[in-house]
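Got a predicted model here, sequence first, then my questions.
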Amino acid sequence: MTLSEFRKKKLLYVFNAFFDVNQSGSIDKKDFDLAIQRVSDSRGWGPDNPKSQQAKDTLLKVWDGLRQRADADQDGQISRDEWYSMWEEYAKNPAKALEWQQVYMNFIFDLEDSSGDGSIDENEFSHVCSSYGVPEAEAREAFKKLGAGNEVNRDNFADLWKQYFSSDDPNAPGNFIFGKTSF
């Protein structure tokens, strides 16, 4: 399966918005350190807050898994080509996601479910998406395109996640889980 231009654009969006935090053109541990700080700051968690430590532990586990799987040349950085290759492999069997991919998916769900009630509503969704640079109106429109009604539960989110990373269909509801309405 060759990556379509559409899927490349989706993957590049996630690469740039969520992983290459320092915008260096590749993903490395420094990006994860910055992401940990960004999440903690956005939630008002100081360095001694257990939730900050939990976010750190989770994101470092994601980094370790990502590095082990995607860093083909073992240079400590994930290039865009290495990123594409990893997700191309994922698309062959999304039901067999790597552990770090599952951990990251759950991390994003929990980040968006700020109330901790087990579901994401439009306000929670648009707030998190806008903190990553998506205009609030676009995030709200994207939420409606998820086709999940007023709330997205963890099982819905997992299905939408698989669509995002594996579908070439521009109309698949999963394309909108990161708040963007077009690529």
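Nice, thanks for sending it over. Only a predicted model underlies this, so the values are computations on that prediction, with no experimental measurement involved.

Run the chain-centre distance for stretch 114-123.
17 Å (Cα atoms, centre = their mean, to the nearest Å).

oh, I was asking about stretch 137-147
16 Å.

got the contact list for that stretch?
With contacts defined as Cβ atoms under 8 Å, 6 or more residues apart in numbering, stretch 137-147 is touched by 122, 125-126, 129-130, 134, 152, 156, 160, 173-181. Glycine gets a C-beta too; all of them are placed from N, C-alpha and C.

Just the CA coordinates for that stretch, please, in PDB.
In PDB, the C-alpha atoms belonging to stretch 137-147 read as follows (Å, rounded to 0.1, in the frame of the first residue of the first chain):
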ATOM      1  CA  ALA A 137     -14.900  27.400  14.900                       C
ATOM      2  CA  GLU A 138     -13.100  24.800  12.800                       C
ATOM      3  CA  ALA A 139     -12.700  22.500  15.800                       C
ATOM      4  CA  ARG A 140     -16.400  22.700  16.500                       C
ATOM      5  CA  GLU A 141     -17.200  22.000  12.900                       C
ATOM      6  CA  ALA A 142     -14.800  19.000  13.000                       C
ATOM      7  CA  PHE A 143     -16.500  17.700  16.100                       C
ATOM      8  CA  LYS A 144     -19.900  17.600  14.300                       C
ATOM      9  CA  LYS A 145     -18.300  15.700  11.400                       C
ATOM     10  CA  LEU A 146     -17.200  12.900  13.800                       C
ATOM     11  CA  GLY A 147     -20.800  11.700  13.500                       C
END
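
tell me the mean pLDDT for that stretch?
Stretch 137-147 carries an average pLDDT of 95.

Please identify the buried residues of it?
138, 139, 140, 141, 142, 143, 146 (16 or more other Cβ atoms under 10 Å).

Among the residues you listed, name the ones in helices.
138, 139, 140, 141, 142, 143 (DSSP state H).

Check whether residue 40 really touches residue 49, as I assumed.
Yes: counting by Cβ atoms under 8 Å, residue 40 touches residue 49, with 7.3 Å between them.

More neighbours: which of those two?
residue 40 (18 against 13; other Cβ atoms under 10 Å).

Using the three-state scheme, assign that one.
helix (DSSP: H, G, I helix; E, B strand; the rest coil).
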